[in-house]
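Asks: sequence plus predicted model, see below.
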Amino acid sequence: MMKSLGYRPEFAGAVEAAASTGGQIMPPIMGAAAFLMAEFLGVPYTQIARAAVIPAILYFTGIWIGVDLEAAKTGLRGLPKHALPKLKTVLRERGQLILPIIGMIFFLSTGRTPTKAALYGLILSVLAGVLKKDVAAAEVASGVERDYTPFDRLTGVIIAFAAGTFALREFLSVGVGIAALLAAAPPLAYYGALRLLAGGDPEKRGGALATLDKFGAFVMPIIGAAVMWVASGSLQSAVVYGIGLYFLSNALTGEPQVSLRQLLSALETGARGAVGVAVACAGAGIIVGTVTLTGLGLKLATGLVDLSGGNLLLTLVFTMVTSIILGMGAPTTANYIITSTIAAPALVKLGVLPMAAHLFTFYFGIIADITPPVALAAFAGAGIAKADPFKTGINATKLAIAAFLIPYFFVYSPDLLMINPGLNTVRILIGSVVGMVGVGAAVAGWFRTFSPWWERLLFLAGGLLLIEPGLTTDLIGVGLLALAWFTQAARLRMRKTALRA
């Protein structure tokens, strides 16, 4: 979509990489290593999530500013207001599409693994699709003809039996044969009752019977899912069973929403899209395997920390380098375990708060995914956007500049972590967000117009001073940003005057 709006492919891929990587540092559901951090520090996870709020806001503010300034710099224009969809209309027509997101957050927050949460998210995606009420109207309006075959109905029956049998066996521990019969019983009984009471003639149905037949594809899944929820006590099994009943009800009493042809086409499209991502990740995997199998990452981690010689800034820099190098060859969780074991105690001995020390190692272990030369997330984003992986990584690093700066700030100024939240936190948050705007303008080289090097320095210095908590630094930072803004405004006025002349 970003490419179609005019963004460069490598920039579009970078936005995807930077934004998706930031999901691990965004509360309420952070990366798996954050839960380990709570165990290591002996504090509730809610304290970890609270401490990560302001840094996460600054991270995504940086990405937002980067995208906005890129559009301004390249002359891209947003859609006119009359062309934008109305919120009420979108929620009414497509509000059900938020179900998978809510579901994944719910399952993650209740202790499910990311893999299971993703699986249930896919199930809810199917459910969101079948709950869409305007499919038929959209098809009629677009002139698309329904062309369903007996094989399409058979597909619905197979999916229904598979889902129902899986749910019953998984959560009720019954045999395969009994599970299959129980899975088919509700819709078969419903279908048979309709045909029996109506005498096989659709014209004889009236009143409530006609309504039940018309909305059978929705009534039976809801009833079946409710029964399964009560019987098994499992919401997951109810969702799986309900989806299965929907397909079976459609196959027996109505027209299936998804034909076999559409299903195969969707699978083909997904497989084609995965090829580019798989190839890019396979190339990066060669480096990952080398770093992991040779033990190079662990050796570098120990050596770099020893080189600091007790200097806090050097220790922080070496810890950052260590985390990024380890991030090339280890998952975020393993990276955090290693660096927190080696570097975090050294940082604490130098006077850093334990929360800040552990979050520091956590952050840089995550952004290793967008830091060239490996940058697994950037490689994946490049595959999706069909862009150059290295250029995508460079752009992702620029967009995620906050992740390289904020950890140093919260080490020296723990107020950013809301250790003792209060009214001062509001001032810190507002000042930091404005500061990130300045940093973003410095990185982009553009604000209202092109920024020469000295203006970029003003934006950078002003932004960094605003991120640093403190009234004096805030006032100086505002002054520097105001100076940069006025110089740009003056140049724009001079340019307009020259054009009029």
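Replies: All right, it came through fine.

Asks: check which helix or strand the residue nearest to F404 when sequence neighbours are not counted maps to.
Replies: Excluding its sequence neighbours, the residue lying closest to F404 (C-beta to C-beta, 6 or more residues apart in numbering) is I367, at 7.0 Å. Yep, even glycine has a C-beta here, placed from its N, CA and C like the rest. Element membership of I367, judged by DSSP states H and E, is helix 354-367.

Asks: elements contacting that helix?
Replies: The contact analysis (3 or more C-beta pairs under 8 Å, 6 or more residues apart in numbering; DSSP states H and E) places helix 354-367 against helix 32-41, helix 45-51, helix 312-329, helix 332-342, helix 344-349, helix 401-412.

Asks: check which element follows that helix along the chain.
Replies: Taking DSSP H and E, what comes next after helix 354-367 is helix 376-385.

Asks: ok, and what's touching the next helix or strand after that following helix?
Replies: Downstream of helix 376-385, the first helix or strand assigned by DSSP H and E is helix 389-399. For helix 389-399, the external contacting residues (C-beta atoms under 8 Å, 6 or more residues apart in numbering) are 10-11, 13-15, 17-18, 21, 62-63, 66-67, 280, 283, 370-373, 375, 377-379, 381-383, 385, 404, 443-444.

Asks: among these, which ones are buried?
Replies: Listed as buried from those are 10-11, 13-15, 17-18, 21, 62-63, 66-67, 280, 370-371, 375, 377-379, 381-383, 385, 404, 443-444; burial here means 16 or more other C-beta atoms under 10 Å.

Asks: domain parsing for this protein?
Replies: 9-82+279-500, 94-131+141-267 (automatic domain parsing).

Asks: what's around G445, how many residues?
Replies: 15 (other C-beta atoms under 10 Å).

Asks: ignore the last one, A461
Replies: Neighbours around A461, by other C-beta under 10 Å: 18.

Asks: so who does it touch?
Replies: 477, 480.

Asks: for G13, same thing?
Replies: Counted by C-beta under 8 Å, 6+ apart, G13 has contacts 378, 381-385, 387, 392, 395-396.

Asks: which helices and strands sit right next to the strand or helix carrying F60?
Replies: Using DSSP H and E, F60 sits in helix 53-73. Other elements packing on helix 53-73 under the criterion 3+ C-beta pairs under 8 Å, 6+ apart are helix 9-21, helix 389-399, helix 401-412, helix 423-444.

Asks: can you pull the contacts of P44?
Replies: Counting by C-beta under 8 Å, 6+ apart, P44 has contacts A38.

Asks: tell me which of the helices and strands packed on helix 53-73 approaches V321 most closely.
Replies: Closest of the helices and strands packed on helix 53-73 to V321 is helix 401-412, at 11.6 Å (criterion: C-beta to C-beta).

Asks: helices or strands up against that closest one?
Replies: helix 53-73, helix 312-329, helix 354-367, helix 423-444, helix 453-467.

Asks: quick check, T332 in contact with F35.
Replies: No. With contacts defined as C-beta atoms under 8 Å, T332 does not count as touching F35, sitting 11.8 Å away.

Asks: neighbour count: those two, which is higher?
Replies: Set T332 next to F35 and count neighbours by other C-beta under 10 Å: T332 wins out with 22 against 14.

Asks: from A238, how far off is that one?
Replies: Distance of T332 to A238, computed by C-beta to C-beta, to the nearest Å: 33 Å.

Asks: do the same with Y59
Replies: Relative to A238, and taking C-beta to C-beta, Y59 is found at 37 Å.

Asks: these two: who's more crowded?
Replies: Comparing Y59 with A238 by other C-beta under 10 Å, the one with more neighbours is Y59, at 27 against 23.

Asks: just checking, the more buried one touches F404?
Replies: No. Counting by C-beta under 8 Å, Y59 does not reach F404; the two are 10.2 Å apart.

Asks: what is the nearest of the contacts of G13 to A490?
Replies: Among the contacts of G13, and counting by C-beta to C-beta, the member closest to A490 is N395, at 30.7 Å.

Asks: what is the burial count for the closest one?
Replies: 27.

Asks: just the one 10 residues further on next, same as before
Replies: Look at L405: counted by other C-beta under 10 Å, it has 19 neighbours.

Asks: so which of the helices and strands packed on helix 401-412 is the most surrounded?
Replies: Ranked by mean neighbour count, the helices and strands packed on helix 401-412 are led by helix 354-367 with a mean of 25 (mean count of other C-beta atoms under 10 Å).

Asks: give me the angle between it and helix 312-329.
Replies: Helix 354-367 and helix 312-329 are oriented at 40 degrees to each other (axes from the mean of the first three to the mean of the last three C-alpha atoms, to 10 degrees).
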